[in-house]
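Undergrad: Quick one, fold the following:
(chains A, B, C and D)
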Protein chains: 4
Amino acid sequence: MSQTIAFIGLGNMGGPMAANLVKAGFSVKVFDLVASSVETLVKQGALASASASDAAKDADVVISMLPAGKHVKSLYLADDGLIHQLAKNTLVIDCSTIDAASAQEVGKALEEQGIAFIDAPVSGGTAGATAGTLTFIVGGDAENVARAHPVLSAMGKNIFHAGETGAGQIAKICNNMLLSVLMAGTAEALQMGIDNGLDPKVLSDIMLQSSGRNWTLELYNPCPDVLENVPSSKGYQGGFMVDLMKKDLGLAVDTANKSQSTIPMGSMAQSLYKLHSLAGNGQLDFSSIFKMYSAKQD
Amino acid sequence: MSQTIAFIGLGNMGGPMAANLVKAGFSVKVFDLVASSVETLVKQGALASASASDAAKDADVVISMLPAGKHVKSLYLADDGLIHQLAKNTLVIDCSTIDAASAQEVGKALEEQGIAFIDAPVSGGTAGATAGTLTFIVGGDAENVARAHPVLSAMGKNIFHAGETGAGQIAKICNNMLLSVLMAGTAEALQMGIDNGLDPKVLSDIMLQSSGRNWTLELYNPCPDVLENVPSSKGYQGGFMVDLMKKDLGLAVDTANKSQSTIPMGSMAQSLYKLHSLAGNGQLDFSSIFKMYSAKQD
Amino acid sequence: MSQTIAFIGLGNMGGPMAANLVKAGFSVKVFDLVASSVETLVKQGALASASASDAAKDADVVISMLPAGKHVKSLYLADDGLIHQLAKNTLVIDCSTIDAASAQEVGKALEEQGIAFIDAPVSGGTAGATAGTLTFIVGGDAENVARAHPVLSAMGKNIFHAGETGAGQIAKICNNMLLSVLMAGTAEALQMGIDNGLDPKVLSDIMLQSSGRNWTLELYNPCPDVLENVPSSKGYQGGFMVDLMKKDLGLAVDTANKSQSTIPMGSMAQSLYKLHSLAGNGQLDFSSIFKMYSAKQD
Amino acid sequence: MSQTIAFIGLGNMGGPMAANLVKAGFSVKVFDLVASSVETLVKQGALASASASDAAKDADVVISMLPAGKHVKSLYLADDGLIHQLAKNTLVIDCSTIDAASAQEVGKALEEQGIAFIDAPVSGGTAGATAGTLTFIVGGDAENVARAHPVLSAMGKNIFHAGETGAGQIAKICNNMLLSVLMAGTAEALQMGIDNGLDPKVLSDIMLQSSGRNWTLELYNPCPDVLENVPSSKGYQGGFMVDLMKKDLGLAVDTANKSQSTIPMGSMAQSLYKLHSLAGNGQLDFSSIFKMYSAKQD
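TA: So this is what the prediction gives:
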């Protein structure tokens, strides 16, 4: 584990991911615009850097975990971007969830300079980031994906290779769009059952053993008190926030718009999540969409 | 197995269901308006009846499998309906998929006469009916459900008790509404992936191991040639017809209208299945909704 | 004006409608389950009746204005219903907004007894009822519609003949479904403009002179302070309540379900109005749907 | 009329617009990548140019009419773009329908060089372009809009000032999104009436005088043979193509995505128009959405 890794972006996800790299024995140089985030990592054994450029100096691998495509493009492609600094053969792993077009633009530019690039967005939330059980959905050349494997394995337990550069973003966004559809559809089926006198636990059990079975019904039931230890049974705290789902649905709609895909169910889910957020629920877990259906008028 | 069963309605589902009762050793008296359907069953060991009333005479159990609520109401509650004939303590099992209000109306009327009633709609299709592997979703008193158990077990392998009279219909319709949402959502996620260069098998594998996992993706993938032996890989032949899903979605929307439930995803799925049927696809398997998304303009 | 009219149902609409008949010189016998509603009309010159049957005795014309199909069916067709009492050739005018099937059932039964029937639902709200400027959308034989003309003219200014019995209900529900689509569509177009820096008055003016022109934009702008004297500029008070629009959309969806019509836009409007009502806005004017789009998260 | 105008983009819209400028007495230098389009204009009195740059040389006003934002950005902002050539105080009028962000980017860059810019997308179709009766929806400084007035008046009859730079695009896209909602909503209301036995002419007349009134119902009825001389009565030929509406709805969804606006009705209309186009109707008039609702299964 003599590799040196630069880690840029130490937010709720990036912080614990970098910590797991330290634990795995990598030499990790970290940077974030928020100084206290850097300090937290230093206490865990990382090396502080004064800038992204400083962190990336002599790094074998650069990992970025940033909020949006514009931040990733700026980090790598700006006038003072890392593209002008990184040695040939450096491996860049962008773990941000961003639009595929930005991932492809960055990847193409870096590879023209001989720098290896994969897009590797994650799922699993902050709990998975901390536990080192994230899922990585990766786009890029098979060789680069193989090269990234030891690094990604230190942060997650599933690594899927979706296709060429950008394919990680596409696959993640397809999955999360489908997830939003499953969640909203499950919530309204459960509430319709309740409105007609059914017990949501009984209905959930029946649908789990029938053709309505899906990930949300099995592991993330949106109706309070059907499952233990899920956000719906804890006031919709924790989990995956409504506003993050809203962000991902924005990426999905943007993707569909560019590829001329037709997504009526995804568009409906987007409208519902936007309305739910507008009503003041942006910080709740995304299973709280159930509240939209179950609210009772005064 | 000394029980005598009257079986009314010998269509694509009812026929093989009655045959399985014969095989299990019950004495089965059958009736259908179509004489040839009766003859088919007689060859398999059933006893022909000249009318529903004739079949039900002295029966311990009456099973009906009819197209819609009006037929069920007519069979039991009409001026010459079975309600005027059945002995107290007869067990009536209606396996039709109908609106819950009709099931409740029939159940209440029969029970006021001391006749036991359960609603027991099925899932599993004609293949399940033939193989005796249907799922029954049952509404009614626990005592009656227990009493029906040996009979239902001869025709299916899963028996769920959803709640009081009518609850079987409600639970089935909630499940099938959710199923339509899963199918349409899965179809459009897969097509969006394809439109952006992903391999549908790879994308399906990734989503199956992620939060997009659902029954349709796992067992009934709507994209041709991802799974073997599913309708999408056989020209969308066989399976569960678009027009039957359209019927169930009609029941779902009717149910929601009566209970003031809000079902945006289910309504969207209904619109899509209606449009798909209007375009001439009513006889295809319901996974053919994938064709709506993947059609290419000339 | 020697005709005697029985008026059953003196709610927010029926009360002022009956009052206008009195003003026009008709002899009007009134009944309502709420005694104070009867008293109010008596002060305005109507004659009190102790029951619907009492009011209808010897009446030339019977007018009903009731909440739902079941009330209308009960009034006319119950064991003690008016059908057993009314003289041949009495003209029955049902002004209630109900499902077309109920209107047709009542109309057919009455006409088999030689009693004339038209369905004549209204639009124009309580303001129109008071001012005598309602619009009547009428179904029934042309002869009966002509006969009703002097009576309807005392309560409204527009009388449309939509077709045979029940056609008045169908046409009204088609119109109101379209109205809900216009209102929601206009609200979201205006809010999208505002979100992008446009002045809603300027945008409204432009769309009014372009292909976005519609009744809601012209006379009922949902954005506050674009038009004077509309509900949106008065805290969404008055006008046509959200819960009444929700009722009409329920009738529309029910109608479409029966006729196998496909109504994606109407279903979407229904979902939005249901969600808006669930969020506690049922008593506001229906243009308050604008608030769903414009709400800002804390 | 001593002004010299450069006109770039001589397609179905741009060609007749340029011709009207010639007729009005302007000196018009034209360029298009398609040589025959230039020749057509030369026969009508325009001056041919070998390039956009050649056309714009010494022009007082530059007008562009191009397919998408990328073309407009390239024309003005590329390394060899007009921004490097135009004299201060030249007036640039972009009549293309493009995304507002591109219009704002181009406008800002030009104005930083002292070049005046307005975005002025049009409505009215090729018929309006030929007749000189277009509507211009303009964004930019009031002074520049006033300066453009004589030029725009030679091509159209209505000029609306929507706001600052980009506001023309926003207002047009809000209008066209609303138009798509009106059209789809009107089509489904009419078909639901027909499915329930109403005459579409009678229903149209009633709704025109009621709260369902809107531009499409009045001037562009989508049901064949209700109005004369509209596309629906001529096999849905001519008019405004489905694929152009699809393009505008793509811009609308993109705009909403950027401004975080919620547009459930617009998203639904987009899904319907995409499905309609996928089914092979992209070249028909946009009122042909009626066919989706009225198609009968074989």
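Undergrad: What number of residues are in the vicinity of the closest residue to residue A:169 other than its chain neighbours?
TA: Closest residue to residue A:169 apart from its sequence neighbours, by C-beta to C-beta, 6 or more residues apart in numbering or on different chains: residue A:100 at 4.2 Å. All C-beta atoms are positioned from the backbone trio N, CA, C, and that covers glycine. By other C-beta atoms under 10 Å in any protein chain shown, the residues close to residue A:100 number 28.
Undergrad: go on, the one 5 residues further on?
TA: Close neighbours of residue A:105, defined as other C-beta under 10 Å, add up to 18.
Undergrad: in what helix or strand does it lie?
TA: According to DSSP states H and E, residue A:105 maps onto helix A:100-112.
Undergrad: Which of the helices or strands spans the residue in the stretch 51-200 of chain A that chain C sits nearest to?
TA: Of all residues in the stretch 51-200 of chain A, residue A:188 sits closest to chain C, at 9.6 Å by C-beta to the nearest C-beta. Using DSSP H and E, residue A:188 sits within helix A:167-195.
Undergrad: State the mean pLDDT of that helix.
TA: Helix A:167-195 shows an average pLDDT of 98 in the prediction.
Undergrad: can you give me the angle it makes with helix B:167-195?
TA: 170 degrees (axes from the mean of the first three to the mean of the last three C-alpha atoms, to 10 degrees).
Undergrad: All the helices of the stretch 1-150 of chain A, residue numbers only.
TA: For the stretch 1-150 of chain A, applying DSSP state H, counting those that start in this stretch gives helices covering A:14-23, A:35-43, A:52-56, A:69-77, A:100-112, A:125-131, A:142-153.
Undergrad: looking at those, which has the lowest confidence?
TA: In terms of mean pLDDT, the lowest-scoring of these is helix A:125-131 (a mean of 91).
Undergrad: Determine the set of other helices and strands touching that one.
TA: Under the contact definition 3 or more C-beta pairs under 8 Å, 6 or more residues apart in numbering or on different chains; DSSP states H and E, helix A:125-131 sits against helix A:14-23.
Undergrad: burial count for residue A:116?
TA: Neighbours of residue A:116 (other C-beta under 10 Å): 22.
Undergrad: Distance of it relative to residue D:43?
TA: Going from residue A:116 to residue D:43 by C-beta to C-beta, to the nearest Å gives 58 Å.
Undergrad: ok, now residue A:14?
TA: Counting by C-beta to C-beta, the separation of residue A:14 from residue D:43 is 65 Å.
Undergrad: More neighbours: which of the two?
TA: Neighbour tally, residue A:14 and residue D:43, criterion other C-beta under 10 Å: the higher count belongs to residue A:14, 23 against 8.
Undergrad: Surely that one is in contact with residue A:20?
TA: No. Judged on C-beta atoms under 8 Å, residue A:14 makes no contact with residue A:20 at a distance of 10.9 Å.
Undergrad: could you list every residue that touches residue A:244?
TA: By C-beta atoms under 8 Å, 6 or more residues apart in numbering or on different chains, the contact list for residue A:244 reads residue A:286.
Undergrad: Then residue A:173?
TA: Neighbouring residues of residue A:173 by C-beta under 8 Å, 6+ apart: A:97, A:100, A:248, A:251-252, A:255.
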